[in-house]
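**Q** Okay, predicted coordinates and the sequence, questions at the end:
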Amino acid sequence: MESDSTLISIQTAQGLVLKYSTVSSAILDMNLNDALDFVLAKDVISEVDMPPFRQSAMDGYALNMHSAIRYAVRGEVKAGDNANPILKPGQAVRIFTGAAVPDTANAVIMQEKVTVHGNEISIQMPLVTEMNIRPQGSQIKRGGLALAKGTKLKGVHIGFLASIGITKVTVYAKPSIAIVVTGNELKAPGIPLEHGEIYESNGTMLSAVLRELGYLKTSIITVPDAYDQTKNTLRKAIEAHDVVVVTGGVSVGDYDFVGKALKDIGVEEIFYKVKQKPGKPLFFGKKGTVSIFGLPGNPAAALSCFYIYVYPLLKKYEGGTDTQLLSFLMPIASDYEVKGDRAQFLKAQIIADSVHVLGGQSSAMLQAFDTANALVFIPENTNSIKKGTPVKTILLPTK
């Protein structure tokens, strides 16, 4: 029986994945509207001041201040107007949010703080120079850094860049990913099952999760438990993709051919087997610039390993600077007895100010992931955890 002392630690495995992964050498000039979820490969520098003029922060009146409380109103300026009326002390213009403040105005008073008397207003509060005026370039100045290289573009980033006139950005190419599913017992959903057969779900699950995370260049390849077919399929997948994820067939059973096939086609083994639960028979290797993972066949174990190991590599490949999943300490909601001495990733749900370990922790049971929004990490050689103890809680990125 294999001893756990021969297995590498989770920390070592995570470090090796990042050490042997590379940032994509392919960069793309992309239309801003198409760049959602891509990572910037170059800093974006603003070519304009924003706002490009002194801008009114509210609806009201732009004033050239004087010592009295009454002002003569000399027209209005709406957002988008090119007008720049000359105001003498004691004069004002009606102005609206976002409009350009006249050069001769030195304050804007909100409309709720004035009384209108025909073509005059009287103010009802003390004035302060430049009040309610957004200075030119107060958000960003021409030549300033708008967004740094390594930023993953979300909707707010795209909106900000559009506001300063950016139409194209330079981004890292996303990896192309092959999901190779092995197993004679697997059948496509919709086909009647014979005795001993099950429906294939790992490929469908991983492909869906990848799409949810913004990785659209994915393909699912199925292969039966036969050495020659496994070897040829893996070779073609490695030749055509940046990352290959194999589910099943990585153990040492009589019909587990993945490990031998990978070795025979020249894949360098970086590590095999990690002291963790679930997902002990995890494989990671390289061939040239291609990264190859062998995930366990059990669905929950495969998904846990994907989040902890594959996803960080994908984020690094596409140029991301923050590769690990967000984690923090939270009190556990109830006592928990730990089975075994390996480190564990437990499916969990964050509710209010505590984290609840869910039932159905078997590596073969996927259903708990339906409600899980986190994984609780239990260090190795932990026997039990008391209610209220802070535990490392890893936030799942798809929740």
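**A** That came in fine, so what should we check first?
**Q** can you give me the strands for the stretch 1-150 of the chain?
**A** Counting by DSSP state E, counting those that start in this stretch, the stretch 1-150 of the chain forms strands over residues 27-31, 44-45, 55-56, 60-63, 70-77, 91-95, 107-110, 114-117, 120-123, 133-134, 145-147, given from the N-terminal end onward.
**Q** so which of those comes closest to residue 342?
**A** Put simply, out of these the one that sits nearest residue 342 is strand 27-31, at 40.8 Å, with distance taken as CB to CB. Bear in mind the C-beta positions are built from the backbone N, C-alpha and C, glycine included.
**Q** in the stretch 101-250 of the chain, which spans are helices?
**A** In order along the chain, the stretch 101-250 of the chain carries the following helices (DSSP state H, counting those that start in this stretch): 155-163, 202-212, 227-240.
**Q** mind putting those in JSON lines, mean neighbour count, distance to residue 148 and mean pLDDT included?
**A** Written out in JSON lines, the entries for the helices of the stretch 101-250 of the chain read as follows (neighbours: other CB atoms under 10 Å; distance: least, CB to CB, whole Å; pLDDT from 0 to 100):
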{"stretch": "helix 155-163", "mean neighbour count": "15", "distance to residue 148": "11", "mean pLDDT": "97"}
{"stretch": "helix 202-212", "mean neighbour count": "18", "distance to residue 148": "26", "mean pLDDT": "93"}
{"stretch": "helix 227-240", "mean neighbour count": "17", "distance to residue 148": "33", "mean pLDDT": "95"}
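**Q** Just checking: what are the partner strands of the lowest-mean-pLDDT helix or strand in the chain?
**A** Within the chain, confidence by mean pLDDT, DSSP states H and E is lowest for strand 186-187 among all helices and strands, at a mean of 70. For strand 186-187, the paired strands and their directions (DSSP bridges) read strand 198-199 (parallel).
**Q** same question for the partner strand, mean pLDDT?
**A** Model confidence over strand 198-199, given as mean pLDDT, is 72.
**Q** Give me the residues contacting it.
**A** For strand 198-199, the external contacting residues (CB atoms under 8 Å, 6 or more residues apart in numbering) are 185-189, 193.
**Q** can you do 7 Å?
**A** Strand 198-199 has contacts (CB atoms under 7 Å, 6 or more residues apart in numbering) with 185-187, 189.
**Q** top of those by neighbour count?
**A** residue 186 (21 neighbours; other CB atoms under 10 Å).
**Q** what bridges to that residue?
**A** On the basis of DSSP bridges, residue 186 takes part in beta bridges with residue 198.
**Q** give the contact list for residue 238.
**A** Contacts for residue 238 (CB under 7 Å, 6+ apart) come out as 244, 287, 290, 292.
**Q** ranges for the strands of the stretch 151-300 of the chain?
**A** Assigned by DSSP E, counting those that start in this stretch, the strands in the stretch 151-300 of the chain fall at 168-172, 177-182, 186-187, 198-199, 218-223, 243-247, 268-272, 276-277, 283-287, 290-295.
**Q** a markdown table for the ones you listed, including distance to residue 85?
**A** What follows is the strands of the stretch 151-300 of the chain, written out as a markdown table (distance: least, CB to CB, whole Å):
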| stretch | distance to residue 85 |
| --- | --- |
| strand 168-172 | 38 |
| strand 177-182 | 60 |
| strand 186-187 | 76 |
| strand 198-199 | 73 |
| strand 218-223 | 59 |
| strand 243-247 | 61 |
| strand 268-272 | 70 |
| strand 276-277 | 71 |
| strand 283-287 | 68 |
| strand 290-295 | 64 |
